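**Q** Sequence and predicted model, in that order:
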Amino acid sequence: MGTMTNSPKDVVREMAQSGYITNVDLWLKAIDMRNLYSYIYKEDLAEQVYTFAASFLAEFKTLSTKLENT
């Protein structure tokens with residue numbers, strides 16, 4: 001850990017290499033959803049982002065627990 005980067009996707013890849021996360025594709029999708037959310041003007045897209053965020057919560061909690069125990 002500790003690589004200098006300005007790219008969230010690079011951080012995700014490094015977290016996977018360090019064993020903090022296992023599902024890289026899901027984390028990369030989370031970044032894409034966050035980016036999509038910034039430009040949502042349609043209810044159906046907002047629903048997609050909300051549904052994804054709700055399903056992503058468990059993954060985030062797993063990482064949070066690992067970081068707390070480090």
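**A** Here it is on my side, so go on.
**Q** Extract the residue ranges of the protein that are flagged as low pLDDT.
**A** By pLDDT under 70, the low-scoring segments of the chain are 1-2, 39-40.
**Q** at 80 what do you get?
**A** Within the chain, the set of residues satisfying pLDDT under 80 comprises 1-3, 37-41.
**Q** Now do the same contact list for Phe56.
**A** For Phe56, the contacting residues are 26, 30, 33, taking CB atoms under 8 Å, 6 or more residues apart in numbering as the criterion. The C-beta positions use only the backbone N, C-alpha and C, and glycine is treated the same way.
**Q** Leu26 contacts Glu59, correct?
**A** Yes. In terms of CB atoms under 8 Å, Leu26 counts as a neighbour of Glu59; the distance is 5.9 Å.
**Q** From the contacts of Phe56, which land in helices?
**A** Counting by DSSP state H, those place 26, 30, 33 in helices.
**Q** Mind putting the residues you listed into JSON lines with neighbour count and distance to Phe52?
**A** What follows is the ones in helices among the contacts of Phe56, written out as JSON lines (neighbours: other CB atoms under 10 Å; distance: CB to CB, whole Å):
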{"residue": "Leu26", "neighbour count": "14", "distance to Phe52": "9"}
{"residue": "Ala30", "neighbour count": "18", "distance to Phe52": "7"}
{"residue": "Met33", "neighbour count": "17", "distance to Phe52": "5"}
